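Build me a model:
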Amino acid sequence: MFANWRFERALRALENHEVVAIRAYSESIWPDRNMRAEDAPFLALDFELDGLRKDAHLLQAGWLPFEGRQIPLSKAQSFDIRSDAALDPGAVVIHGIGEQRAPRGE
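Now for the predicted structure:
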């Protein structure tokens, strides 16, 4: 119960935030805390960065909504983000977003 109170208080603190997306997040309808995980809606997120530095640039964002045991890959989306940052060669090996692709955001 205490954890629920802290979560509710944190959401209320965001209700008047200057960023519209954060205000919308605070107004979201959350699943019942007693709902089984296999019945709850989820959103898987994936972010590709230009390295592991604390000031790394975001190169791609992807997400996939799903529920239960079914993962509909047809609902997956991803977007490349334009970046002029120097890419870490080790990161390029993992995500495949190279020097030609990153500046165009494609």
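
check which helix or strand covers the closest residue to A76 other than its chain neighbours.
The shortest distance from A76 to any non-neighbouring residue, by CB to CB, 6 or more residues apart in numbering, is to L64 (4.4 Å). The way it works is simple: take the backbone N, C-alpha and C, and place the C-beta from them, glycine included. Taking DSSP states H and E as the criterion, L64 maps to strand 58-67.

residues contacting the residue nearest to A76?
L64 sits next to 43-44, 71-73, 75-77 when contact means CB atoms under 8 Å, 6 or more residues apart in numbering.

for the residue nearest the centre of the chain, helix, strand, or coil?
The centroid of the chain falls nearest to L45 when counting by CA atoms, centre = their mean (4.2 Å). Secondary structure assignment for L45 (DSSP: H, G, I helix; E, B strand; the rest coil): strand.

so it makes contact with W63?
Yes: under the criterion of CB atoms under 8 Å, L45 makes contact with W63 at 5.2 Å.

hang on, the earlier thing: would you tell me what the next helix or strand after the strand holding L64 is?
Past strand 58-67, the next helix or strand by DSSP H and E is strand 77-80.

Parallel or antiparallel, which strands does that following strand pair with?
Paired with strand 77-80 in the same sheet, following DSSP bridges, are strand 58-67 (antiparallel).

residues in contact with the lengthiest helix in the chain?
Taking DSSP state H as the criterion, the chain has its longest helix at helix 2-13. Helix 2-13 is contacted by residues 26, 33 when judged by CB under 8 Å, 6+ apart.

switch to 10 Å and redo it
The contact list for helix 2-13, computed with CB atoms under 10 Å, 6 or more residues apart in numbering, reads 25-28, 30, 33.

returning to that earlier point: pairing partners for the residue nearest to A76 in the sheet, please.
Bridge pairing for L64 - DSSP bridges - gives A44.
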